[in-house]
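Visitor: Below are the sequence and a predicted model for it; my questions follow.
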Amino acid sequence: MNLPNRISFSRIVIALLIVVILLFPFDSAGLTTLKIFVNESIVVDIKYIIVGVLFVVASFTDFLDGYVAKKNNCNTDFGKMIDAIADKVLIDSVLVLLATIGFIHPAIAVIVMIRDVAVDSIKRYAASCGIVVGSSKLARVKTFLFMISISMILFYNLPFELFNLKIADILLVVATIISIVSGFEYYGFLRNR
């Protein structure tokens with residue numbers, strides 16, 4: 001396994017750590033997490049700040065693995081696959097948990113997961129035909145917007161929340177729309193076969 005693939009794999013490990021932190025029953029275990037009162041309507045739970053930092057680090061590895069692979073000219077089909085898997089594990093799992101917690105609407109998580117299953121099926125079909133289908137540019141934009149919007153949500157949309165500007169929510173909706181559109185790009189592959 002080359003260095004870019006190890007970096008991609010580290011994103012999966014960080015994603016699983018995020019899931020454990022978000023699912024851990026701190027209250028049931030008799031543990032209280034630190035809460036910071038920003039103002040009378042915004043109370044920040046430090047657990048989400050920690051998860052936000054981990055999410056930002058994991059998101060950075062998405063850039064880093066691609067940069068290292070291009071710099072060292074070691075792009076591989078396995079690398080494309082593990083990178084896509086790592087992105088889905090990170091983004092989809094956090095979206096599901098944010099929906100469960102009530103931070104986002106569940107429809108967003110459902111739409112994204114349906115799109116991802118459809119795209120993965122198309123990629124699998126392409127692979128059975130001996131064709132490796134990489135990520136489209138629009139799909140990369142989608143991933144970037146999800147990483148930005150999820151990070152902002154985990155950081156309570158601050159400082160924008162102080163001015164009642166729902167920037168994180170807007171970016172999340174835009175990312176979801178781009179997710180749908182980019183999914184149809186992959187569908188175009190099937191029509192051309």
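Guide: Looks like it came in fine. Numbers count the residues shown, from 1 in each chain.
Visitor: CA only for contacts and neighbour counts going forward, please
Guide: Will do.
Visitor: Roughly how far does the spatially most central residue of the chain sit from residue 151?
Guide: For the chain, the residue whose C-alpha lies nearest the mean C-alpha position (Cα atoms, centre = their mean) is residue 91; its distance is 2.2 Å. Noted for residue 91: a distance of 10 Å to residue 151, by Cα to Cα, to the nearest Å.
Visitor: do the same with residue 145
Guide: The span separating residue 145 from residue 151 equals 10 Å under the rule Cα to Cα.
Visitor: Residue 7 now?
Guide: With Cα to Cα as the criterion, residue 7 and residue 151 are 20 Å apart.
Visitor: again, but for residue 46
Guide: When Cα to Cα is the yardstick, residue 46 and residue 151 sit 14 Å from each other.
Visitor: What of residue 69?
Guide: Noted for residue 69: a distance of 25 Å to residue 151, by Cα to Cα.
Visitor: same question, residue 26
Guide: The span separating residue 26 from residue 151 equals 22 Å under the rule Cα to Cα.
Visitor: what about the two, which has more around it?
Guide: Residue environment comparison for residue 26 versus residue 151 gives the larger neighbour count to residue 151, 22 against 13, counting by other Cα atoms under 10 Å.
Visitor: Torsion angles phi and psi at residue 53?
Guide: phi -60, psi -50 (degrees, to the nearest 10).
Visitor: Run a quick neighbour tally on it.
Guide: When neighbours are counted by other Cα under 10 Å, residue 53 comes out with 15.
Visitor: again with the one 5 residues further on
Guide: Summarising burial for residue 58: neighbours were counted as other Cα under 10 Å, giving 25.
Visitor: residues contacting the residue lying closest to it once chain neighbours are set aside?
Guide: The shortest distance from residue 58 to any residue other than its chain neighbours is 5.0 Å, reached at residue 11 (Cα to Cα, 6 or more residues apart in numbering). When contacts are counted by Cα atoms under 8 Å, 6 or more residues apart in numbering, residue 11 is found next to 58, 59, 61, 62, 86, 87, 90.
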